[in-house]
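Trainee: starting from these lines, generate the structure:
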Amino acid sequence: MQPTLLIVDDEKNTRDGLRNALDGEFEVYVAGDIDGALSTMDGVPVDVLLTDLRLGGEDGMALIERARKRTNPPICIMMTAYGSVDTAVEAMKHGAYDFVTKPVNIDRLEILIKRAVRERNTSRENRELRTKVQSQSTLEGMIGRSPAMVQVFDTIKQVAPSRATVLVQGESGTGKELAAHAIHHLSPRARGKFVAVHCAALTPELLASELFGHEKGAFTGAFERRIGRFEQAKGGTLFLDEIGEIDSATQVKILRVLGERTFERVGGSETIQADVRLIAATNKDLSKLVAEGKFRDDLFFRLHVVPLTMPPLRERKVDIPLLAEAFLRDAALENEKPRRELSPEAMQRILEYDWPGNVRELRTAIEHGVVMASGPQIGLRDLPAMVRSENEPRAVSEPVSNRLNLRDSETALILRSLDDCRGSRSEAAKKLGISRRTLHRRLKELNISKRQPRK
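Mentor: Residues are numbered from 1 along each chain as shown. Below you'll find the predicted structure:
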């Protein structure tokens, strides 16, 4: 099926000449003004809009702006006899794919249109693929399709309907609070509040007051009764982040809540029922703290009913393209910027980097790129200095597509792992954090033949 091309020019000889030259390669329609162009687009799905800058008393850029707001906007190419850098930049700002100067070189124009259509079709296919993959790779705001994240999703779905206490473990930035939110939202307590307390940010005295509340006059400065987080979370979920930082006295009080489901406010004698589901999180090894006498073993076992470990990003790099796509979209909306894409070099770099700050650092880096990029693509120079540093260890060296292509990115990761492991599928699977059977299936799906290691 031929692409449809709409030529808009107020000079009849120009539009008829272009139609005669391009007819056969495209299904060509013509219009002499904005109203005629919009009327044509109402009746025909237009793939490419080729419009003159000057349309009598009207402005071709205004037409591009209106065309770009349609449900299925066409690719827009500007024609102008006033060819200049300023004109080109202005046309791009209004959503033009490119611009050509008059007199138009037909051969170059034909190549430009075909390339634009090909890129749009590829982009559409990638979007459809991403939508399909993302529908199978998300859970309550968490994104991932690596085996490690599939296991996280399965554990969350299994534990959410229960009342069991969950201990979420993992490095900073891995998404521990997101996991806690997911458990809450999938639980029977979803209509109740989700209340979070970051324990490391408070002194022992303030933490006790924050958790359990206090009565008026309980201590200096307690001028009125305060309702604590356990009461605020009644019927819902209380999330205690960095629980490894709490002092021994508070540990005893939390242990009692878990055992008896009751507590008293600081300075009070009234026994209050604790109708909450507790989820705790830590970036420390609590079992090690127990061995060192810094954390109560009885509290550890109470918290450790269902352990959930969030994997570091460096161990699930296959998820990076999915995460990057989501962060690109979010950052553009939050900063009121046009939609950006990662250049081949930028995509290559984010796949190579080890991400010590994990998903949080990736999100920040993507937002930095969206803000700093001056064009539609985020280049290597638009990434934060720490990320783009050439001194970082490399994990991938295969080139990736010039678009955010999930298939190509995954292929690059798999091929690199096979090269590093001299063709051993067992070792490559271990390096990727997947089973040999999963690797074999992905090789087949990606149509990757037997890989010979590079010399």
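Trainee: helices of the stretch 201-350 of the chain, start to end?
Mentor: Taking DSSP state H, counting those that start in this stretch, the helices of the stretch 201-350 of the chain run over residues 204-212, 229-232, 248-260, 286-291, 297-303, 320-334, 344-352.
Trainee: residue 103 is nearest to which of these?
Mentor: Of all the helices of the stretch 201-350 of the chain, helix 344-352 sits nearest to residue 103, with 34.6 Å by CB to CB. Just so you know, the C-beta spots here come from the backbone N, C-alpha and C atoms, and that holds for glycine as well.
Trainee: quick one: list the elements packing against that closest one.
Mentor: Helices and strands touching helix 344-352, by 3 or more CB pairs under 8 Å, 6 or more residues apart in numbering; DSSP states H and E, are helix 320-334, helix 358-372, helix 385-388, helix 406-420.
Trainee: export these to a markdown table and tack on distance to residue 444, mean pLDDT and mean neighbour count?
Mentor: Output for those, formatted as a markdown table (distance: least, CB to CB, whole Å; pLDDT from 0 to 100; neighbours: other CB atoms under 10 Å):
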| stretch | distance to residue 444 | mean pLDDT | mean neighbour count |
| --- | --- | --- | --- |
| helix 320-334 | 20 | 93 | 19 |
| helix 358-372 | 30 | 95 | 20 |
| helix 385-388 | 34 | 90 | 16 |
| helix 406-420 | 12 | 70 | 21 |
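Trainee: and these as JSON lines, adding distance to residue 40?
Mentor: Formatted as JSON lines, the helices and strands packed on helix 344-352 follow (distance: least, CB to CB, whole Å):
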{"stretch": "helix 320-334", "distance to residue 40": "31"}
{"stretch": "helix 358-372", "distance to residue 40": "35"}
{"stretch": "helix 385-388", "distance to residue 40": "46"}
{"stretch": "helix 406-420", "distance to residue 40": "36"}
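Trainee: relative to residue 23, which of these is closest?
Mentor: Short answer: helix 406-420, nearest of the helices and strands packed on helix 344-352 by CB to CB, at 35.6 Å.
Trainee: give me the next element, helix or strand, following the closest one.
Mentor: With elements assigned by DSSP states H and E, the helix or strand that comes after helix 406-420 is helix 425-432.
Trainee: over that next one, what's the mean pLDDT, rounded is fine.
Mentor: Averaged across helix 425-432, the pLDDT comes to 77.
Trainee: if you count neighbours, what's buried in that helix?
Mentor: 425, 428, 429, 431, 432 (16 or more other CB atoms under 10 Å).
Trainee: centre of the chain to it, how far?
Mentor: What separates the centre of helix 425-432 from the centre of its chain is 26 Å, taken as CA atoms, centre = their mean, to the nearest Å.
Trainee: so which elements touch that helix?
Mentor: Helix 425-432 packs on helix 406-420, helix 436-445, going by 3+ CB pairs under 8 Å, 6+ apart.
Trainee: tilt between that helix and helix 436-445?
Mentor: Taking axes from the mean of the first three to the mean of the last three CA atoms, to 10 degrees, one finds helix 425-432 and helix 436-445 inclined to each other by 100 degrees.
Trainee: who touches helix 425-432?
Mentor: Helix 425-432 is contacted by residues 318, 413-414, 417-418, 420-421, 435-436, 438-440, 443 when judged by CB atoms under 8 Å, 6 or more residues apart in numbering.
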